[in-house]
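S.K.: Predicted model, plus sequence, below.
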Amino acid sequence: MYTEYWKLERKPFESAPDPEFFYHAPLHAEAFERLSRLIVGRQGAGVLTGACGSGKTMLLKVLDAELDLERFPVVTLKFPRLTGEQAAREILRQLDVEPSDDPEERKERLGERLLATSLEGGHTLVIVDEAHIISHDEVLEELGRLLDFRLDGEFMATLLMVGEPAVLQRVARKPRFDQRLVVRQHLDPLDTHQTHAYIGYRLEVAGADGPLFTEAAVEHVHARTGGVPREINSMCDMSLMVGARKRAERITEEIARMVA
């Protein structure tokens, strides 16, 4: 394993999101702050968009690590290719509520659970991952019903939809739903300076005692990955492995080009 060669405590560019490696790039830090306020402030609904690999999942992991799950019960819809009824049933199931075949009964049971959680000082968070692949408008209607429940003027649930930018086109077709979005946050790729800082930060967290990539290598990584964090991770991981095999002192542009 190359960690021994580079004197690292662990691999710095693993593909699995780890909140400890969260780099506070300006847009990512802003997204974290805005989404935190959305949830803690009980503001209703928001959308987080970004291209594949832009850091949406990492951001969700960081938010999850910051939340007290006993105070913020979390419902996650990971496969939004559901019908409206299926989505409603899944939300109730994850809240440990027995679904009903009757839509009005389902809504009543949902309201009772949300109210009970709120009266106990808690707040319910519903996350829809890969929201851009929602295929039924009825799903948006069911999700919108979460915002019908209020206590003393505050929402009893927060809805966070996460996906590629196409999700906004889907939402725009439902003006009533679209108008209730409080936060619309998009994650752009990192620029060259941010890519340099991102790589340096992850190496530091992994235990590196100095820069392992030359400036030219970082510039090439940025050029080939377009600043997309997932692609940066993959390219840097391979570069460290190749560099170790070559007994290199640092990752040069030549090594980076070999793995591009």
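M.R.: Nice, I can see it. Bear in mind that the values here come from a model prediction, so they are computed numbers and not experimental data.

S.K.: So what are the sheet partners of the helix or strand where residue 125 lies and their directions?
M.R.: Element membership of residue 125, judged by DSSP states H and E, is strand 124-128. Take DSSP bridges as the rule and strand 124-128 pairs in its sheet with strand 74-77 (parallel), strand 157-163 (parallel).

S.K.: got the buried residues for the first one?
M.R.: Going by neighbour count (16 or more other CB atoms under 10 Å), the buried part of strand 74-77 is 74, 75, 76, 77. Using the backbone N, CA and C atoms, a C-beta is placed for each residue, glycine as well.

S.K.: So for that strand, mean pLDDT?
M.R.: The pLDDT scores in strand 74-77 average 93.

S.K.: returning to that earlier point: can the buried residues of strand 74-77 go into CSV with extra columns for distance to residue 22?
M.R.: CSV is the format used below for the buried residues of strand 74-77 (distance: CB to CB, whole Å):
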residue, distance to residue 22
74, 18
75, 23
76, 19
77, 23
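
S.K.: mind listing the strands for the stretch 1-150 of the chain?
M.R.: 45-50, 74-77, 124-128, 150-151 (DSSP state E, counting those that start in this stretch).

S.K.: any idea which helix or strand comes after the last one?
M.R.: Counting by DSSP H and E, the element after strand 150-151 in chain order, helix or strand, is strand 154-155.

S.K.: Give the pairing partners of that following strand; include direction for each.
M.R.: strand 150-151 (antiparallel).

S.K.: The partner strand: how far from the chain's middle?
M.R.: From the chain centre to the centre of strand 150-151 is a distance of 27 Å (CA atoms, centre = their mean, to the nearest Å).

S.K.: Also stretch 41-53?
M.R.: Using CA atoms, centre = their mean, the offset of stretch 41-53 from its chain centre is 8 Å.

S.K.: Can I get it in PDB, CA atoms only?
M.R.: Coordinates of each C-alpha in stretch 41-53 appear next as PDB, following Å, rounded to 0.1, in the frame of the first residue of the first chain:
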ATOM      1  CA  GLY A  41     -34.400  27.100  11.300                       C
ATOM      2  CA  ARG A  42     -37.200  24.900  10.100                       C
ATOM      3  CA  GLN A  43     -37.600  27.000   7.000                       C
ATOM      4  CA  GLY A  44     -39.400  24.400   4.800                       C
ATOM      5  CA  ALA A  45     -37.800  23.200   1.600                       C
ATOM      6  CA  GLY A  46     -34.600  23.500  -0.400                       C
ATOM      7  CA  VAL A  47     -32.700  22.100  -3.400                       C
ATOM      8  CA  LEU A  48     -29.000  21.200  -3.600                       C
ATOM      9  CA  THR A  49     -27.800  20.600  -7.200                       C
ATOM     10  CA  GLY A  50     -24.500  19.800  -8.800                       C
ATOM     11  CA  ALA A  51     -23.000  17.600 -11.400                       C
ATOM     12  CA  CYS A  52     -22.100  14.000 -10.700                       C
ATOM     13  CA  GLY A  53     -19.100  13.900  -8.400                       C
END
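
S.K.: How many residues are close by residue 199?
M.R.: Using other CB atoms under 10 Å, residue 199 is surrounded by 27 other residues.

S.K.: Ignore what I typed, I meant residue 4.
M.R.: So residue 4, with other CB under 10 Å, has 8 neighbours.

S.K.: got the contact list for residue 98?
M.R.: By CB atoms under 8 Å, 6 or more residues apart in numbering, the contact list for residue 98 reads 92, 109.

S.K.: and it, backbone torsions?
M.R.: Phi and psi for residue 98, reported as degrees, to the nearest 10, are phi -70, psi 120.

S.K.: Check the one 3 residues further on too.
M.R.: Backbone torsions of residue 101, given as degrees, to the nearest 10, read phi -80, psi -20.

S.K.: wouldn't residue 59 be in contact with residue 31 here?
M.R.: Yes: proximity of residue 59 to residue 31 meets the contact threshold set by CB atoms under 8 Å, at 5.9 Å.

S.K.: Spit out the residues that contact these two alike.
M.R.: With CB under 8 Å, 6+ apart, residue 59 and residue 31 have common neighbours 48, 187.

S.K.: tell me the contacts of residue 72?
M.R.: 39, 122, 123, 124, 125.
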